[in-house]
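[1] Please find the sequence and the predicted model below.
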Amino acid sequence: MTKLKLGLQLGYWGALCPGENHTQLAQEAEKLGFDSVWTAESWGNDCFTPLSWIGAQTSRIRLGTSVAQLSARTPTACAMATLALDALSGGRMILGLGVSGPQVVEGWYGQPYSKPVTRTREYVDIIRKVLAREAPVTSDGEFYPLPYEGPGSWGMGKPLKPITHPLRADVPIFIGAEGPRNVAQTARIADGWLPLYYSPYRQEVYADQLVDAPEGFEISPTVMVFINDNLEEALYPVKAMLGFYIGGMGSAKRNFHKELMGRMGFPDEAEEIQRLFLEGRRDEGVATVPDQFADEISLCGPKERIREKLQDWEKSPVTSLLINGDQQMLRDMAELVL
């Protein structure tokens, strides 16, 4: 059985900056023995700035991006941010990466969403070359050629290696992957995986994709936790999240979250949820989310029920649970897990 670790998932900001609240939560998590704290980005705040702010006000907890979007910066720029934050924090950085989706990549970053698996592999390869600092960095890849010699080039590009010596050449790289090919590649090229949904009761969904995972490979899903004696009330926010992701994100043509729910055993329900959301019937879409699915990927209900469910997570390949909540929630989960 796996001895589970806990991570604090702060996600991305909403309409307003969370101010000192996120820092205080991270400091409390560190006191309680949490292993890591994670920040995210969408089309609002970036992930590195708040993580560096938190890192300056903590001393031991690992600092992860969950996730840094590939299209937001070139791989060398991402490696520079990683190098800097790892050095300033004394070697606490975890670089979590993800391709995002076509709506964000093409609508926000103005780049084509093509060959995400290939693009991820090139991106990781360049970052590892930068951090290794063994030679000037070159790449003959399709998406990130170094030096660049394409249209508009002056033909003066020179292979470079970072001026600053990285504190660690082996900063852990995690990837937020959903599709089967991306998950399988993650097991081969990364140090960890950040699943969006994971069910310890359906390990067969990912088993074939993880066969190449090396020893020490970390699996850190975000798991929603709601402690409430009323299970129906506890599950509602999980169902609301699932309804929005499965029905309201992506498009009618392609929604990776909906496809994942289908692979996890609920294809008909996923189709119906999307149909209802696209028709503007959101409440009905949320109600259509199966309680079973919401329950399997979360920890909901009375404390004792959650304690029993944690035994099922410990029997899975999962190494860390990334959770969000107030300080009392963090204390309750530290008591249950740590």
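    On my side now, so go ahead.
[2] use CA for all of it now, contacts and neighbours both
    Noted.
[3] List the buried residues for stretch 241-256?
    241-250, 255-256 (16 or more other Cα atoms under 10 Å).
[4] Same check on stretch 59-74?
    So stretch 59-74, judged by 16+ other Cα under 10 Å, has buried residues 60-72.
[5] of all those, which two lie farthest apart?
    R60 and S71 (30.1 Å; Cα to Cα).
[6] At which residues are the strands of the stretch 201-338 of the chain located?
    For the stretch 201-338 of the chain, applying DSSP state E, counting those that start in this stretch gives strands covering 218-219, 225-227, 299-301, 320-323.
[7] Can you tell me what sits against the shortest one?
    Just to be clear, that refers to strand 218-219. 191-195, 317-320 (Cα atoms under 8 Å, 6 or more residues apart in numbering).
[8] again, only this time at 7 Å
    With Cα atoms under 7 Å, 6 or more residues apart in numbering as the test, strand 218-219 has contacts from 191-194, 317-320.
[9] could you give the mean pLDDT of that strand?
    Across strand 218-219, the average pLDDT comes to 98.
[10] Then the second one?
    For strand 225-227, the per-residue pLDDT values average out at 97.
[11] ok, and what's touching that strand?
    So strand 225-227 is contacted by 234, 298-303, 323 (Cα under 7 Å, 6+ apart).
[12] at 8 Å instead, please
    Contacts of strand 225-227 (Cα under 8 Å, 6+ apart): 234-235, 298-303, 306, 323-325.
[13] and what of the last one?
    Contact with strand 320-323 is made by 4-9, 218-225, as judged by Cα under 8 Å, 6+ apart.
[14] between the residues you listed, which has the most around it?
    The most crowded member of the contacts of strand 320-323, judged by other Cα atoms under 10 Å, is G7 (29 neighbours).
[15] which residue sits closest to L83 in space, ignoring its chain neighbours?
    P166 (5.6 Å; Cα to Cα, 6 or more residues apart in numbering).
[16] Look up how far A26 lies from that neighbour.
    25 Å (Cα to Cα, to the nearest Å).
[17] Could you do D46 as well?
    18 Å.
[18] next one: A72
    On the measure of Cα to Cα, A72 and A26 end up 25 Å apart.
[19] How many residues are close by D170?
    13.
[20] Could you confirm it falls within a strand?
    No - counting by DSSP: H, G, I helix; E, B strand; the rest coil, D170 falls outside a strand, being coil.
[21] you'd agree S66 is up against L97?
    Yes - the pair S66 and L97 qualifies as a contact (Cα atoms under 8 Å) at a distance of 6.8 Å.
[22] List every C-alpha atom in stretch 75-84, with coordinates, as CSV.
    The C-alpha coordinates for stretch 75-84 follow below in CSV (Å, rounded to 0.1, in the frame of the first residue of the first chain):
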residue,chain,number,x,y,z
PRO,A,75,10.5,26.1,-23.7
THR,A,76,13.7,28.1,-23.1
ALA,A,77,11.7,30.8,-21.3
CYS,A,78,9.9,28.2,-19.2
ALA,A,79,13.3,26.6,-18.4
MET,A,80,14.6,30.0,-17.3
ALA,A,81,11.6,30.6,-14.9
THR,A,82,12.1,27.1,-13.6
LEU,A,83,15.8,27.5,-13.1
ALA,A,84,15.3,30.8,-11.3
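[23] and this structure, what are its domains?
    5-224+302-337, 229-300 (automatic domain parsing).
[24] start to end distance for the last one?
    In terms of Cα to Cα, the two terminal residues of domain 229-300 are separated by 9 Å.
[25] hang on, the earlier thing: identify, from the buried residues of stretch 59-74, the entry nearest to E106.
    Lowest distance from E106 to the buried residues of stretch 59-74 (Cα to Cα) belongs to S71, with 9.2 Å.
[26] Looks like the closest one contacts V105 (just checking).
    Yes - using Cα under 8 Å, S71 is in contact with V105, at 6.3 Å.
[27] any shared contact partners between the two?
    With Cα under 8 Å, 6+ apart as the test, S71 and V105 both reach Q111.
[28] Low-confidence regions, the stretch 151-300 of the chain specifically.
    250 (pLDDT under 70).
[29] go again using 90 as the cut-off
    Residues of the stretch 151-300 of the chain meeting the criterion pLDDT under 90: 245, 247-257, 259-260.
[30] what does the stretch 1-150 of the chain give?
    1-2, 19-20, 101-103.
[31] what ranges do the helices span in it?
    In the stretch 1-150 of the chain, helices defined by DSSP state H, counting those that start in this stretch lie at 20-32, 48-55, 75-88, 102-107, 116-132, listed in chain order.
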